[in-house]
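Trainee: only geometry, no sequence info:
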């Protein structure tokens, strides 16, 4: 049996342990996604909390025949985009916000080199439009497959695939503009 569906059913019955189980399984990926999307830790924390409140309030709208993660990320996405629209009136496709720093390895020399690559990657991601950061975050940080990605974005699979391809191409352009291709291998 699917633990997400079990916990969602428990939450529908008013058992808050169901919400605790859902949070335990999804909180890390959800927060990373929100942080990448909004680019601001306090705002990501606010949206994170609002998302779980909304999940608890609207669990009856969740279709247990479908995976829980795309529904959760759709709820979070709508709340985050609402916050971004309130904060910045400009287009979400043109705006850029800083991204969270990434980790590094154990060996000092490898750590220094990885730190340099991670810094370039974080900078390149930060300079992408929020919608590009969103699709990359959903795919690679939230680990959603294309059908789940499409469902979360509310678009057909080919559209989600095209958005992902374009976001990867823009990221690649930014990375190659800052360093030669040999450094990324």
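Mentor: Yep, it's here. The structure displayed is predicted, hence computed values, not measured ones.
Trainee: how about the host helix or strand of residue 176: buried residues?
Mentor: Counting by DSSP states H and E, the element that carries residue 176 is helix 157-178. By neighbour count on 16 or more other Cβ atoms under 10 Å, the buried set for helix 157-178 is 160, 163-164, 167, 170-171, 174-175. In this view, the C-beta of every residue, glycine as well, is placed from N, C-alpha and C.
Trainee: helix or strand next in line after the lowest-mean-pLDDT helix or strand in the chain, which one?
Mentor: Across the helices and strands of the chain, the lowest-confidence element by mean pLDDT, DSSP states H and E is helix 108-126, at a mean of 68. Remark: after helix 108-126, the chain's next helix or strand is helix 130-136, criterion DSSP H and E.
Trainee: packing partners for that following helix?
Mentor: helix 16-38, helix 157-178 (3 or more Cβ pairs under 8 Å, 6 or more residues apart in numbering; DSSP states H and E).
Trainee: would CSV of these with mean pLDDT and distance to residue 68 be doable?
Mentor: Converted to CSV, these look like this (pLDDT from 0 to 100; distance: least, Cβ to Cβ, whole Å):
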stretch, mean pLDDT, distance to residue 68
helix 16-38, 91, 7
helix 157-178, 88, 19
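Trainee: residue 133: which of the ones you listed is closest?
Mentor: Evaluated over the helices and strands packed on helix 130-136, closeness to residue 133 peaks at helix 16-38, with 5.3 Å, by Cβ to Cβ.
Trainee: what are the contacting residues of the closest one?
Mentor: Identification of contacts with helix 16-38 by Cβ atoms under 8 Å, 6 or more residues apart in numbering yields 3-4, 6-12, 41, 44-45, 47-48, 51-52, 55-56, 68-69, 72-73, 76-77, 80, 83-84, 97, 99-100, 125, 130, 133-134, 136-138, 141-143.
Trainee: that older thread, do you know which of the helices and strands packed on helix 130-136 lies nearest residue 147?
Mentor: Proximity to residue 147 (Cβ to Cβ) singles out helix 157-178 among the helices and strands packed on helix 130-136, at 5.9 Å.
Trainee: how distant is the closest one from the center of its chain?
Mentor: Taking Cα atoms, centre = their mean, to the nearest Å, one finds the center of helix 157-178 at 15 Å from the center of the full chain.
Trainee: go on, stretch 33-44?
Mentor: That offset, for stretch 33-44, works out to 9 Å (Cα atoms, centre = their mean).
Trainee: ok, now stretch 137-155?
Mentor: In terms of Cα atoms, centre = their mean, the centre of stretch 137-155 is found 9 Å from the chain centre.
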